[in-house]
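Asks: Need a 3D model of the sequence below.
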Amino acid sequence: MWAMLALFTDVSGKVPPFQLTAMTFAIGTSLGLISWLWRPGAARNLRQPVKVWLLGIAGLFGYHFLYFTALRNAPAVDASLIAYLWPLFIVVGSALMPGEKLRWFHIVGTLLGLSGTVLIITKGGGFGFDAQYGFGYAMAGLCALTWAAYSLLSRRFAHVPTDAVTGFCAATSVLSFVSHLMLEQTIWPEGAVQWLAVLGLGLFPVGAAFYVWDYGVKHGNIQVLGAASYAAPLLSTLVLIIAGVTEPTTRVMLACLLITLGAVLAAKEMLFKRR
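Replies: Numbering: from 1, shown residues only. Coordinates of the predicted model:
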């Protein structure tokens, strides 16, 4: 679902980032609300301790606020590369979690995935870090740390039902709308195609994906999830190729190889466990 983010965002027109975030998270909230029609008791799952709400809001809204701030204050390629260190942070940080054990193949597999992501984001070219963009780089680094921390700490609250994400999405939508009013000029989508793209964003990459991720980090293999997350930029590029937005290249094939090898290596223990 996250792989569709770039395509839907591109098709959604010139809607400002915070306005788009507010709109799409409102749609994402509706997914949870609609599901409650068949599960009336699920609404009670919003009754969670303050620390759970702070974690959820900091993860969803904090990540997006820091990411957009980074893009406003640093070149997009550099900011994106720094922000996409979160899978590596998840894998390394998992060593601090109870019951988790970090092995060499988790680290190597994640670094292979990061190498493939560098090829995708930089388009095979170079990238440089300029001191004048230091604030933007710092925001991108905080962005990566925020999502990694949210994902890892969510595992400590595995008992909290995924229904709580509905509340986190609602709070993120409201805070994004406030940020939009303070920082941006309102621009609405033009035509049915752009509105459908916004709907697609809210249903999938900025909607259902967060519910699925919540369940995954609470109940799945956290190291494998972190390493496999590097497939997102690759799949996103493949979606753009299929849609005719970009062209297939040798660089994409090499990135595919690196990310696939990295994910398989990181999941070695799980995939090839002896009976």
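Asks: so is Ala158 in a helix, a strand, or just coil?
Replies: Going by DSSP: H, G, I helix; E, B strand; the rest coil, the secondary structure assigned to Ala158 is coil.
Asks: What does the pLDDT read for it?
Replies: We have a pLDDT of 94 for Ala158.
Asks: Could you verify my assumption that it touches His219?
Replies: Yes - counting by CB atoms under 8 Å, His219 is a contact partner of Ala158 at 6.7 Å. All C-beta spots, glycine's among them, are computed from the backbone N, C-alpha and C.
Asks: check which helix or strand covers Ala149.
Replies: For Ala149, the host element (DSSP states H and E) is helix 134-156.
Asks: buried residues in that helix?
Replies: Within helix 134-156, the residues that count as buried by 16 or more other CB atoms under 10 Å are 136-155.
Asks: before we move on, what about stretch 265-275?
Replies: Result for stretch 265-275 [16+ other CB under 10 Å]: buried residues 265-269.
Asks: Can you add distance to Phe177 and give those back as a markdown table?
Replies: Below are those laid out as a markdown table (distance: CB to CB, whole Å):
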| residue | distance to Phe177 |
| --- | --- |
| Leu265 | 43 |
| Ala266 | 38 |
| Ala267 | 40 |
| Lys268 | 45 |
| Glu269 | 44 |
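Asks: What is the nearest of those residues to Gly56?
Replies: Ala266 (26.7 Å; CB to CB).
Asks: can you pull the contacts of that closest one?
Replies: With contact taken as CB atoms under 8 Å, 6 or more residues apart in numbering, Ala266 is in contact with 91, 105-106, 108-110, 113, 223-224, 226-228.
Asks: And the furthest pair within the residues you listed?
Replies: Val108 and Ala228 (14.3 Å).
Asks: Neighbour count for the two, which is higher?
Replies: Neighbour totals were compared for Val108 and Ala228, and Ala228 leads with 23 against 16 (other CB atoms under 10 Å).
Asks: any idea which element the residue nearest to the more buried one when sequence neighbours are not counted lies in?
Replies: In this structure, Ala228 finds its nearest non-sequential neighbour in Ala263, 4.7 Å apart by CB to CB, 6 or more residues apart in numbering. Per DSSP H and E, Ala263 falls inside helix 250-266.
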